[in-house]
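Colleague: Sequence first, predicted model second:
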Amino acid sequence: MYHHFASKQDLFVAVFEAVETELCEKVALAALGAHDPVDQLRLGALCFLEAAASPEVRRIALLDAPSVLPVETRRALSEKYGLGLVREALTTVDAAGRLRVHPVSALAPVVLAALHEAATAIADGADAAAMRQVVEGLIEAITTSP
């Protein structure tokens, strides 16, 4: 399979994109389980915590990608996948008049970083229920009630 790629980095990018595509599809599908944009954000975030704690996603997306990929490549891939999805969800919450923290462009990377840290902590053996509670508290802190 390696002979189909120009370098090991190109092979890793292909694997990373496959993992990110599957992860984003799971998160988006989970979010569609609600009609309220804040609930969609919450369901998507909780799904991400569960899925990202899997050994495959943890290793490829959370641990290896930051150390293997150049910053420009990571930024482009993040925008296409995780960060793009978080930004879209926050934009929807904002359009509903329910976002307390602005601008979305600055908030989205912070939320994604918090989700990555929580998922990594869960994968490393932290109390999953406590991490979910922290993420739900974060979402509650940045949003308003209907």
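Modeller: Okay, I see it.
Colleague: Give me the contacts around stretch 134-146.
Modeller: Outside stretch 134-146, the residues that touch it by CB atoms under 8 Å, 6 or more residues apart in numbering are 36, 38, 41-42, 45-46, 49, 93, 97-101, 107, 111, 114-115, 118. Glycine gets a C-beta too; all of them are placed from N, C-alpha and C.
Colleague: ugh, typo on my part, it should be stretch 111-127
Modeller: Counting by CB under 8 Å, 6+ apart, 45, 48-49, 52-55, 57-58, 62-63, 78, 82-83, 86, 90, 128, 131-132, 134-135, 138, 142 sit against stretch 111-127.
Colleague: What is the distance between that stretch and the centre of its chain?
Modeller: On the basis of CA atoms, centre = their mean, to the nearest Å, stretch 111-127 is displaced by 10 Å from the centre of the chain it belongs to.
Colleague: And for stretch 63-72?
Modeller: 16 Å.
Colleague: Just the CA atoms of it, as PDB, please.
Modeller: The C-alpha atoms that make up stretch 63-72 are tabulated as PDB, following Å, rounded to 0.1, in the frame of the first residue of the first chain:
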ATOM      1  CA  LEU A  63      -1.700  12.000  19.500                       C
ATOM      2  CA  ASP A  64       0.000  11.300  16.200                       C
ATOM      3  CA  ALA A  65      -1.400  14.100  14.000                       C
ATOM      4  CA  PRO A  66      -0.100  17.000  16.100                       C
ATOM      5  CA  SER A  67       3.400  15.500  16.200                       C
ATOM      6  CA  VAL A  68       3.600  14.200  12.600                       C
ATOM      7  CA  LEU A  69       1.900  16.800  10.500                       C
ATOM      8  CA  PRO A  70       3.200  20.200   9.700                       C
ATOM      9  CA  VAL A  71       1.300  23.100  11.300                       C
ATOM     10  CA  GLU A  72      -0.100  24.300   7.900                       C
END
